[in-house]
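Chemist: For reference, the sequence and a predicted model appear below.
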Amino acid sequence: MLEQMKSSKKWNLQGLFLVAASFSILSVSPAMAFDFAFIGDVPYNAEDSLRFALLQERINEEDVQFVLHAGDIKSGIAPCSDEVLQQRHDWFDRFKAPFILVPGDNDWTDCHRLRAGAWSPVERLAALRRIFFEPAGRLLGGDNGHLKVESQASDPAYANYPEHLRWEMDGVWFVNLHIVGSQNGLRPFAARTPADDVEAEERTQAALAWMRQTFIEARISEAPGVMVNIHANPQFDGQADSLFQAAFGGFLTSLREEVIAFGRPVVLTHGDSHYFRIDKPLTNVGGRRLDYFTRVESFGSPHLHWIRVSVDPTDPLVFRFRQEMVPENAIRR
Ligand SMILES: [Fe+2]
């Protein structure tokens, strides 16, 4: 019996050493790799309903840490009513992984259109925030205990911007900026008022401040990479156009400064033009392309597929992308 006890204690001690050894292995390699799903510009209309259900079903079968949506949760002429926004909310809430939305222009900016209901865009923006983003930091979808997002609204100076979110996973930073299509809300329309101009100006300044603060955090924590998420295609080649310059010039200048100061991989994701692409459109002031900057645009209606983003802090490029087709949704001819 004594011998048995001695041997079991010996075994236990060995077990303890093994446990201690595995803890020390874990403590020297805390960086983990993970995947998330990136979609945008879906669903647009009734035709998209079944295709979106299929897309959601496929993503729900995958081990993804979150689902990121680049905005435009309906077409630009679909009604902007609370009912439609709430219906989209409830739909996105069925993702098994946490669901994170970046607002798009169809979701409020373009709601002045007659067929969308001739709303005041600023009023619809308040509704979008109420339905999707308040209280600040609330996420849709399933279990999000592993994901702690921070909202710019926690700063009293930026209390109006609950949609400006950021989070860190395994050392990598993600930041959402509310920069939309329709020239970032500057495109003229008949019922436009000075309040629409003020809204665009203040929101853009808040977005740029949020981006700067996040890059400061990323530099302090020596993050291996940063991902910046917006809705708009910021027209990297459209800088001669004065309206595009007013809409996106400040953002692109700040982005270039941050990318150069950071010196490690930065990815910009966006939707807006419904054109899946991965490219290198950001240049330095001399016109040479910045190698550590990558732009990724989501699929969008009628192409209801998704992009798998693999994030590995130990990979020199940090972010890898793979197109994931839903074969039943493919346009083949
Ligand atoms: Fe869109």
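Modeler: Sure, I can see it. Numbering: from 1, shown residues only.
Chemist: hey, where'd the strands end up in the stretch 101-250 of the chain?
Modeler: 140-141, 150-151, 165-169, 172-176, 226-229 (DSSP state E, counting those that start in this stretch).
Chemist: Quickly list what His270 is bridged to.
Modeler: With DSSP bridges applied, His270 shows beta-bridge pairing to Glu297.
Chemist: shouldn't it be in contact with Pro234?
Modeler: Yes: counting by CB atoms under 8 Å, Pro234 is a contact partner of His270 at 7.1 Å. The C-beta positions use only the backbone N, C-alpha and C, and glycine is treated the same way.
Chemist: where along the stretch 1-150 of the chain do the helices fall?
Modeler: 2-28, 48-60, 82-92, 121-128 (DSSP state H, counting those that start in this stretch).
Chemist: mind listing what's buried in the third one?
Modeler: Spelled out, that is helix 82-92. The neighbour-count check on helix 82-92 (16 or more other CB atoms under 10 Å) flags Val84, Leu85, Arg88, His89, Trp91, Phe92 as buried.
Chemist: quick one: contacts for the fourth one?
Modeler: Under the criterion of CB atoms under 8 Å, 6 or more residues apart in numbering, the contact list for His89 reads Ile131, Phe132, Leu140.
Chemist: Name the nearest of these relative to the ion.
Modeler: Phe132 (16.6 Å; CB to the ion).
Chemist: Contacts only, for that closest one.
Modeler: By CB under 8 Å, 6+ apart, the neighbours of Phe132 are Leu85, His89, Leu101, Pro103, Leu140, Glu163.
Chemist: and which of those is nearest the ion?
Modeler: Pro103 (11.7 Å).
Chemist: That closest one touches Leu177, doesn't it?
Modeler: No: contact between Pro103 and Leu177 fails when scored by CB under 8 Å: they sit 10.0 Å apart.
Chemist: So if I had to pick from these two, which one is more boxed in?
Modeler: Leu177 (30 against 26; other CB atoms under 10 Å).
Chemist: For Val175, see how far away the closest residue to that one other than its chain neighbours is.
Modeler: Among residues not flanking Leu177 along the chain, Ala207 sits closest, at 4.1 Å (CB to CB, 6 or more residues apart in numbering). Distance, Ala207 to Val175, using CB to CB, to the nearest Å: 9 Å.
Chemist: Now do the shared contacts for these two.
Modeler: Common neighbours of Ala207 and Val175, counting by CB under 8 Å, 6+ apart, are His164.
Chemist: Which residue does this protein have closest to the ion?
Modeler: Counting by CB to the ion, the chain gets nearest the ion through Asp72, at 3.4 Å.
Chemist: wait, that residue sits on Asp41?
Modeler: Yes: under the criterion of CB under 8 Å, Asp72 makes contact with Asp41 at 4.4 Å.
Chemist: The strands of the stretch 101-250 of the chain: which one's closest to Lys96?
Modeler: When the strands of the stretch 101-250 of the chain are compared by CB to CB, strand 140-141 sits nearest Lys96, at 7.0 Å.
Chemist: Quick one: name the residues of this structure near the ion.
Modeler: Within the chain, the residues that sit near the ion (CB under 5 Å from the ion) are Asp41, Asp72.
Chemist: mind checking which helix or strand of the chain has the lowest mean pLDDT?
Modeler: helix 2-28 (a mean of 42; mean pLDDT, DSSP states H and E).
Chemist: in the stretch 151-300 of the chain, which ranges drop under the pLDDT threshold?
Modeler: Within the stretch 151-300 of the chain, the segments meeting pLDDT under 70 span 239.
Chemist: Would you state the helices of it in chain order?
Modeler: 181-185, 194-220, 242-244, 250-262.
Chemist: These: which one's closest to Arg332?
Modeler: helix 181-185 (28.4 Å).
Chemist: And the contacts of that closest one?
Modeler: Identification of contacts with helix 181-185 by CB under 8 Å, 6+ apart yields 72, 104-106, 109-110, 121, 196, 199-200, 203-204, 231-233, 243-244, 246-248, 251, 272.
Chemist: Could you do stretch 274-290 as well?
Modeler: Here stretch 274-290 has contacts from 41, 236-237, 252, 255-256, 259-260, 268, 291, 293-301, 303, 305, 307, 321, 323, using CB under 8 Å, 6+ apart.
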